[in-house]
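> For reference, the sequence and a predicted model appear below.
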Amino acid sequence: MSETISEHIEYTKIASVIKPDSKILDLGCGGGELMNYLIKTKNVNAQGVEIDENAIYSCVEKGLTVFHSDMEGAIEAYPDKSFDYVILYNSIQQIQKADTFIEECFRLADKIILGFPNFAYYSARRDLFLGRSPVTKNLPYQWYNTPNLRFLSIQDFKRFCESKNYKILNEFFFTSNKSVNFLPNFFAQTAVFVISK
Amino acid sequence: MAKILTAQTQYFTFDKLVLESKQELKNVTVAYETYGNLNAAKTNAILIAHAFSGDAHAAGFHAGDDKPGWWDSMIGSAKAFDTDKYFVICSNVLGGCAGSTGPSSINPDTNKPYALDFPVITVADMVSAQKKLIDFLGIKKLLSVAGGSMGGMQVLQWAVAYPESLYSVIPIATTMKHSPQQIAFNEVARQSIMADVEWNKGDYYGAKHQPYRGLAVARMIGHITYMSDKSMEEKFSRNRKTASNSSGADFAADFEVEGYLQYRGDSFTKRFDANSYLYITKAMDLFDVSGYKHVAKNKDLKFLVISFASDWLYPSYQSENTVKQLKLKGYNTTYIEIKSTYGHDAFLLEVEGETKLIKHFLNKVSKEI
């Protein structure tokens, strides 16, 4: 139950930064819950990209427009600035060359909304301290079955933006079902950033 | 319990069709069937385009038949193309031999079958004949045009030629143009027909012997390309025919796969015309709607593009190319590659996945009208 509520909080925050009627590309859109939410609340024109076949069926069931493809292969065909926002919600950690991929996303939109599980969350640190790879609610996988290639923290991402001269327009941090404002790199399970060039 | 559809082929005839080649075809007949009812606003019509060897009988049973139409699993009450909601139309293609005008039809100028006097036809010509039928039925805008394989080519051609007459299109297991490999398979099939002495340069109508051997071999080649390595393994393996314990020296059908191909080849000759085979495969090979200039102008047009993972005759990359072109032009396009081991035949067999997709897609399109 709490997961639905927590997602809902994240969706609300994401929706709060999106202009109504804008064009959105959701890369790694899963079953399309976020797109559906944004269409309902912001009347956006959204399309998604997803690699999982069953997730595609869920999207079509919701009446969404979706491409069955990996994220890297999907974005090359779009013309420059086809969208107002590219959303990478819990998908950037699965990208092989995350830095060049983000740069390519800026070809498609001026703003990128990026959400990821925070690897420096305290219980992940505790797991590492105890000598095992972290398994948390937002990093639920074992080392042998995780789809995640990248394990980044909030601090890592801020430094990355600094080094690339990306502007952070908004930042939101969450744990379970609520926002986190105090020491997010330690207490937040999830982060959402809105960045521009 | 779903209702059982009874179907009947109907015929629509018009005086002439100007072909893409600028030639005129006189006294054109289009064979068609319809299922379900057209609503008062005439906004619930869906055209189903058949594949290479298909016909107008897409669903339901003809009186006395024990086998339903070729896409009966998809068309009917509560099915993907739900005849409780939609008015479904399927017509036999121009150049065909199942009721529509083709090379076996009577040439009004000579009162003899056309044979090779039949003009070269294209997929665009097949579609303009369908458009005449749709106009005749009083339908201004189709809710959707759907079809697999060569049916998918007609679907793409509709989007190019009559975008304003459509709300949506569903191209399945198809391509914007044939690859050299696809042309090559068709050429082998054509050569096998033309190498049959009974073919007699296309002039065999009413003759004592028909070019059945060549036509059967052509169909056998086709059947191989419709299956996959895996589906053939599952269906036949290296199983021997029960009657066979030969050493192979008589080159009879020892393996089940041989018997199957021979059976499918032979039974095909009972329902298909060799010259239609030549004309239609040529039309497929000539088809090419790739490139910007061909993409539809109606920006509201919605696409649902479906491909199948083990289809090596119309591989997924061809559907992906279509999708790429549509994306570049900013069309509302949904694409899925359905995981399947059936090869190209999957579009007739993967009913569950296709139903899920098409049902919801059509539902969305009808809501937005």
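In hand now; what should we look at?
> what are the ranges of the helices in the stretch 1-150 of chain B?
B:123-136, B:150-161 (DSSP state H, counting those that start in this stretch).
> repeat for chain A
Taking DSSP state H as the criterion, chain A carries its helices at A:2-17, A:33-42, A:53-61, A:71-75, A:98-108, A:122-129, A:154-164, A:184-187.
> Mind listing what's buried along stretch B:270-290?
Neighbour-count burial for stretch B:270-290, counted by 16 or more other C-beta atoms under 10 Å in any protein chain shown, picks out B:272-287, B:289-290. (C-beta placed from N, C-alpha, C; glycine too.)
> need the contact list for the closest residue in space to residue A:96 that isn't next to it in sequence.
Nearest residue to residue A:96, sequence neighbours excluded (C-beta to C-beta, 6 or more residues apart in numbering or on different chains): residue A:149, at 6.4 Å. By C-beta atoms under 8 Å, 6 or more residues apart in numbering or on different chains, the contact set of residue A:149 is A:93-96.
> could you dump these to TSV with neighbour count?
Output for those, formatted as TSV (neighbours: other C-beta atoms under 10 Å in any protein chain shown):
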residue	neighbour count
A:93	19
A:94	19
A:95	20
A:96	11
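> pLDDT added to those residues, as JSON lines?
Converted to JSON lines, those look like this (pLDDT from 0 to 100):
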{"residue": "A:93", "pLDDT": "86"}
{"residue": "A:94", "pLDDT": "88"}
{"residue": "A:95", "pLDDT": "90"}
{"residue": "A:96", "pLDDT": "89"}
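> Closest to residue B:336 out of the residues you listed?
Set against residue B:336, the nearest of the contacts of residue A:149 by C-beta to C-beta is residue A:94 (19.9 Å).
> if you skip the residues just before and after it, what's nearest to that closest one?
residue A:147 (5.2 Å).
> out of the helices of chain A, which comes closest to residue B:85?
Closest approach to residue B:85 among the helices of chain A (C-beta to C-beta): helix A:53-61, 17.0 Å.
> mean confidence for the closest one?
For helix A:53-61, mean pLDDT rounds to 97.
> And stretch B:8-22, by the same measure?
Stretch B:8-22 carries an average pLDDT of 97.
> most packed of the helices of the stretch 1-150 of chain B?
Stretch with highest mean neighbour count among the helices of the stretch 1-150 of chain B: helix B:150-161 (a mean of 26; mean count of other C-beta atoms under 10 Å in any protein chain shown).
> ok, now which ones touch residue B:166?
B:141-142, B:144-145, B:158-159, B:298, B:301 are the contacts of residue B:166 under C-beta under 8 Å, 6+ apart.
> Residue A:9 too?
Residue A:9 makes contact with A:174, A:177-179 under the criterion C-beta under 8 Å, 6+ apart.
> so where's the chain shaky on pLDDT?
Went with chain A since none was named. Residues of chain A that meet the criterion pLDDT under 70 lie in A:1-7.
> Not quite, go with chain B.
B:1-4, B:243-245, B:292-297.
> longest strand anywhere in chain B?
The longest strand of chain B (DSSP state E) is strand B:24-35.
> Report all helices and strands that that strand contacts.
strand B:10-18, strand B:87-91, helix B:123-136 (3 or more C-beta pairs under 8 Å, 6 or more residues apart in numbering or on different chains; DSSP states H and E).
> Please pick the buried ones from the contacts of residue B:166.
Buried, going by 16+ other C-beta under 10 Å: B:141-142, B:144-145, B:158-159, B:301, out of the contacts of residue B:166.
> Out of those residues, which comes closest to residue B:359?
Of those, the one sitting nearest to residue B:359 (C-beta to C-beta) turns out to be residue B:144, at 11.8 Å.
> out of the buried ones among the contacts of residue B:166, which are inside strands?
Among those, DSSP E puts B:144-145 in strands.
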